[in-house]
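Visitor: the following block contains a protein sequence and its predicted model.
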Protein chains: 4
Amino acid sequence: MPEDLATAREDVALANRILANEGLFDAFGHVSMRHPVDPERFLISRHRAPELVQAQDIVELGLDGEPAVPTNFRLYGERIIHAAIYAARPDVIAISHHHAPAVLAYAIARAELKPVYHLGALMGPKVPYWDSRDEFGDTALVVVTPEEGKSLAKALGPYWMILMGRHGATVVGTSLREMVFRTVYSARNAELQTLAKLVGAVNALTPEEAAKAVAYNLRPDPMQRAWDYWAMRLARKEAASHR
Amino acid sequence: MPEDLATAREDVALANRILANEGLFDAFGHVSMRHPVDPERFLISRHRAPELVQAQDIVELGLDGEPAVPTNFRLYGERIIHAAIYAARPDVIAISHHHAPAVLAYAIARAELKPVYHLGALMGPKVPYWDSRDEFGDTALVVVTPEEGKSLAKALGPYWMILMGRHGATVVGTSLREMVFRTVYSARNAELQTLAKLVGAVNALTPEEAAKAVAYNLRPDPMQRAWDYWAMRLARKEAASHR
Amino acid sequence: MPEDLATAREDVALANRILANEGLFDAFGHVSMRHPVDPERFLISRHRAPELVQAQDIVELGLDGEPAVPTNFRLYGERIIHAAIYAARPDVIAISHHHAPAVLAYAIARAELKPVYHLGALMGPKVPYWDSRDEFGDTALVVVTPEEGKSLAKALGPYWMILMGRHGATVVGTSLREMVFRTVYSARNAELQTLAKLVGAVNALTPEEAAKAVAYNLRPDPMQRAWDYWAMRLARKEAASHR
Amino acid sequence: MPEDLATAREDVALANRILANEGLFDAFGHVSMRHPVDPERFLISRHRAPELVQAQDIVELGLDGEPAVPTNFRLYGERIIHAAIYAARPDVIAISHHHAPAVLAYAIARAELKPVYHLGALMGPKVPYWDSRDEFGDTALVVVTPEEGKSLAKALGPYWMILMGRHGATVVGTSLREMVFRTVYSARNAELQTLAKLVGAVNALTPEEAAKAVAYNLRPDPMQRAWDYWAMRLARKEAASHR
């Protein structure tokens, strides 16, 4: 296995476990990353809970969501979410799909997420809302057909995060770490937005403030600092029980 | 002891500890399972906090709630909840009874639980509400007589979960894992429903969406994935302190 | 040291650590117990955070709040709370004083705590409200003089728990375990009451239901079951870090 | 290295990890302390998450926010917050800057923090609100220029804590322990204020009550008791995973 690929598999597994450890995932949710050499492929875990994912669980899928390397592993039903977005968005290198309560509440209430602090601006200038009901009527809510995947990718458009009605959210990034950073801080922003509403008022950043906050926080140093912190927390937790 | 029974006892104990570890139980609450060989019996722990239950704590009771195998163990006062439902519902293989705050709030407010995301649909098309006061007047709120058990089982009817006014909830399933899956995700749905209300609006699944989401999520793979995840979390926690 | 006293000291220390571990105490709060032999004395920790208290930290105070056995240890400023209640209420064997957020919110809002589930009934038929401002004007809010202690004990009257305006709560019991049981479940009831309000309505137990629920739950078995559970949780936590 | 300085570096590192462990910090936030010998310098960590900070990460900066001792370490972008306040307030010995949700909600809602219990009075008689937008228009929200630092320090005036609109809070103290004590209990007060609002009413301390509560709680003993408690909790957590 080329070194790039081996590292990428380790990183995808680690990102799964970090997002589980930070409360974004429970038994469900997944992380993917575009293949480091072949942009027509992406890496994602076989069907298992994200907190359990190790490098050897990572499979290679094509942009149709089917195995690019034959595998006997069972696959996620919703892998088409990832495939469709990688096909539609060449700039996207990594994706998470989750049902974190703080964010999902907005996808149930169909309420607009607004950046209420500098790190929350990472979710981008707009978080579109997609509802499977609009095009597909009554479904199981999960995104499993190519048509559903394309519809979702189209609704995402040029943005970085999308709410999926009565289901969850999908977050994208130009790198794995950027995507993890955005996934965590968009959820923290949602918590703060709800809390600020209960306290009295949701005063959002202006679009100009948000744009400047994104430029400031997407530099490599803040992202590395956060990644190191989350990796340490995970390592400590794993060390406490793995003996 | 036949192998089926030994496995069932281990599973009932594990389900108790999983539901405690996931925050559904505190010192109180219990899990039961219909006997794997004799449908006129069920397995339940002796009187102790669910997080402490081991296979050797499991007793065999008949459908009258009394020991089918003599035991010196003290028994749960509310074992009649289980007995009465197994008697009334031959399709039910496992039951939990709990006081998890997210759900209990609805049993206090007498508010309707509605499925607000795909996994929440697992609680079924309707969650009936039973109030001990209606038939029995002022009681200690606990369900301890055969009459109370029958009344509760009647109110449950063909459904999968019931709210018990100012007391808690009871959840049933056609297998132990299905029941655990439903117990956890009905509570997560309650949390989300409350949060969505605070954010702005409770937009529920349509009955057709809910039925499709149930069919999708009650396949063996999602249930196994969740069970493996909860079992791993429990094993890690127990490993961290049992040395 | 007589065996009764040695056991009592261990129990008071354990009750301190249990209530800290269950989230009732942070750096502040305390537990006391009437002396097992001499009813004119009570046992309480020297001045330290409850999660750190061990048997050797326990001191013996008289009903004036002063040391009955000479000690060089620093004492809690608010020990008069305990002294005054033991003097006024011969039936009281154990006391906790805490600032747990779920309950303190009611002591800030001056809102009535109502039993909303069977275990919440343990707080008693009424939870009086005492405000230092009424008799003593502007104070530091803490209860440190004999007059303040007497006023508080008088306001408690024959009840089992009292809210202290903008400060916290004090809980009493006829045994150490009963008091710990009541301290935990009155706080859980407060959380549920708040949550039920957010969900839609606070439907309380009738006085008759509450009285029956108390009689049912104050039997030795439920209390022992809960104590064993809390002691196990504490032991596991201490085992995980004490090696 | 003189002993005072070595101790101070250990203490600053410990305060960082305590505030992270108590939930005030995540990947971001920082603690500083005025140099024990040279009041024109202050000690602060190099650029890293506070939960990871060790004594060897501590750098010495001047009151312009630039290194007083040459270093190759990367520095926090917002170190000017600390520099500007030390320059403006000779009485200030320690500072924290954080984005804890309970407090940040007030900095988003632009709602007034009021002392609602004795320990909450520690935040001081008034918590001013500073908004970068007022003087500097649309910024990235972070405080990185000397002008921004001076503006913030001016808005803080003689007080002990300041809310920074859509960004976070900064807390100061006359000693490291006092500042940590204030940082924790101002956040607990914010949680209680929000909870009391949901329960029904925010009844604050009178200014006289608050002043007396501050005098009572800022004595050495309560601060030491809290510090010992937090240090123990941190030590246990670190012990559980560092083997």
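Guide: Thanks, I have the structure now.

Visitor: neighbouring contacts of the helix or strand bottoming out on mean pLDDT in chain A?
Guide: When the helices and strands of chain A are scored by mean pLDDT, DSSP states H and E, helix A:220-241 comes last with a mean of 94. Identification of contacts with helix A:220-241 by Cβ atoms under 8 Å, 6 or more residues apart in numbering or on different chains yields A:14, A:17-18, A:21-22, A:177-178, A:180-181, A:184, A:216-217, B:235-237, B:239-240, C:240, D:26-28, D:47-49, D:51-52, D:74, D:240-243. Any C-beta I mention is one placed from the backbone N, CA and C, and that applies to glycine too.

Visitor: nearest the geometric middle of chain A, what residue?
Guide: In chain A, the centroid-proximal residue (Cα atoms, centre = their mean) is residue A:96; its distance is 2.1 Å.

Visitor: just after the helix or strand encompassing it, pick out the following helix or strand.
Guide: When elements are assigned from DSSP states H and E, residue A:96 belongs to strand A:94-98. Moving toward the C-terminus from strand A:94-98, the next helix or strand (DSSP H and E) is helix A:101-109.

Visitor: any weak-confidence spans in chain A?
Guide: Within chain A, the ranges that satisfy pLDDT under 70 run A:243.

Visitor: what segments of it are strands?
Guide: Using DSSP state E, the strands of chain A run over A:30-34, A:41-45, A:58-62, A:94-98, A:129-130, A:161-164, A:168-173.

Visitor: re earlier: from residue A:185, how far off is the residue nearest to the centre of chain A?
Guide: 12 Å (Cβ to Cβ, to the nearest Å).

Visitor: touching, residue A:164 and residue A:130? I think so.
Guide: Yes. Contact criterion Cβ atoms under 8 Å: residue A:164 and residue A:130 qualify, at 5.4 Å.

Visitor: need the overlap of contacts for these two.
Guide: Taking Cβ under 8 Å, 6+ apart as the contact criterion, the residues that touch both residue A:164 and residue A:130 are residue A:152.

Visitor: flag every buried residue along stretch A:147-155.
Guide: A:148, A:149, A:150, A:151, A:152, A:153, A:155 (16 or more other Cβ atoms under 10 Å in any protein chain shown).

Visitor: hmm, it in reach of chain B?
Guide: No. If you take Cβ under 8 Å from any Cβ of the partner chain as the test, stretch A:147-155 misses chain B, and the best it gets is 12.9 Å.

Visitor: measure how far that stretch is from the centre of its chain, please.
Guide: Centre-to-centre, stretch A:147-155 and its host chain are 16 Å apart (Cα atoms, centre = their mean, to the nearest Å).

Visitor: residues in chain A within reach of chain C, list them.
Guide: Proximity of chain A to chain C is confined to residue A:240 under the rule Cβ under 8 Å from any Cβ.

Visitor: list the contacts of residue A:30.
Guide: Applying Cβ under 8 Å, 6+ apart, we find residue A:30 in contact with A:16, A:44, A:45, A:50, A:76, A:78, A:79, A:82, A:96, A:97.

Visitor: run the last query once more with 10 Å
Guide: A:12, A:15-16, A:19, A:44-45, A:47-50, A:53, A:76, A:78-79, A:81-82, A:95-98 (Cβ atoms under 10 Å, 6 or more residues apart in numbering or on different chains).

Visitor: dump the least confident helix or strand of chain A to PDB, keeping only the CA atoms.
Guide: Once non-C-alpha atoms are left out, helix A:220-241 reads as follows in PDB (Å, rounded to 0.1, in the frame of the first residue of the first chain):
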ATOM      1  CA  PRO A 220      -3.400  25.900   9.600                       C
ATOM      2  CA  ASP A 221      -2.500  26.700  13.200                       C
ATOM      3  CA  PRO A 222      -6.000  26.900  14.800                       C
ATOM      4  CA  MET A 223      -7.000  23.700  13.000                       C
ATOM      5  CA  GLN A 224      -3.900  21.900  14.100                       C
ATOM      6  CA  ARG A 225      -4.300  23.000  17.700                       C
ATOM      7  CA  ALA A 226      -7.900  21.700  17.800                       C
ATOM      8  CA  TRP A 227      -6.900  18.400  16.100                       C
ATOM      9  CA  ASP A 228      -4.100  17.800  18.600                       C
ATOM     10  CA  TYR A 229      -6.500  18.500  21.400                       C
ATOM     11  CA  TRP A 230      -9.200  16.100  20.100                       C
ATOM     12  CA  ALA A 231      -6.600  13.400  19.300                       C
ATOM     13  CA  MET A 232      -5.200  13.700  22.900                       C
ATOM     14  CA  ARG A 233      -8.600  13.400  24.500                       C
ATOM     15  CA  LEU A 234      -9.300  10.400  22.400                       C
ATOM     16  CA  ALA A 235      -6.000   8.800  23.200                       C
ATOM     17  CA  ARG A 236      -6.500   9.300  26.900                       C
ATOM     18  CA  LYS A 237      -9.900   7.800  26.800                       C
ATOM     19  CA  GLU A 238      -8.600   4.800  24.800                       C
ATOM     20  CA  ALA A 239      -5.600   4.400  27.100                       C
ATOM     21  CA  ALA A 240      -7.800   4.400  30.200                       C
ATOM     22  CA  SER A 241      -9.700   1.300  29.100                       C
END
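
Visitor: what are the buried residues along that helix?
Guide: A:222-227, A:229-230, A:233-234, A:236-237, A:240-241.

Visitor: one more: stretch A:170-184?
Guide: Buried positions in stretch A:170-184, judged by neighbour count with 16+ other Cβ under 10 Å: A:170-173, A:175-184.

Visitor: ok, now stretch A:121-139?
Guide: A:121-124, A:126-132, A:138-139.

Visitor: what's the nearest residue to residue A:35 once chain neighbours are set aside in contact with, if anything?
Guide: Using Cβ to Cβ, 6 or more residues apart in numbering or on different chains and skipping the chain neighbours, the partner closest in space to residue A:35 is residue A:41 (3.8 Å). Counting by Cβ under 10 Å, 6+ apart, residue A:41 touches A:5, A:34-35, A:59-63, A:67-69, A:83, A:86.

Visitor: of these, buried ones?
Guide: By 16+ other Cβ under 10 Å, the contacts of residue A:41 give A:5, A:34, A:35, A:59, A:60, A:61, A:62, A:63, A:67, A:68, A:83, A:86 as buried.

Visitor: just checking, the fifth one touches residue A:46?
Guide: Looking back up the chat, that one is residue A:60. No. At 11.1 Å, residue A:60 does not count as touching residue A:46 under the criterion of Cβ atoms under 10 Å.

Visitor: what's the overlap in contacts for these two?
Guide: Residues touching both residue A:60 and residue A:46 (Cβ under 10 Å, 6+ apart): residue A:71.
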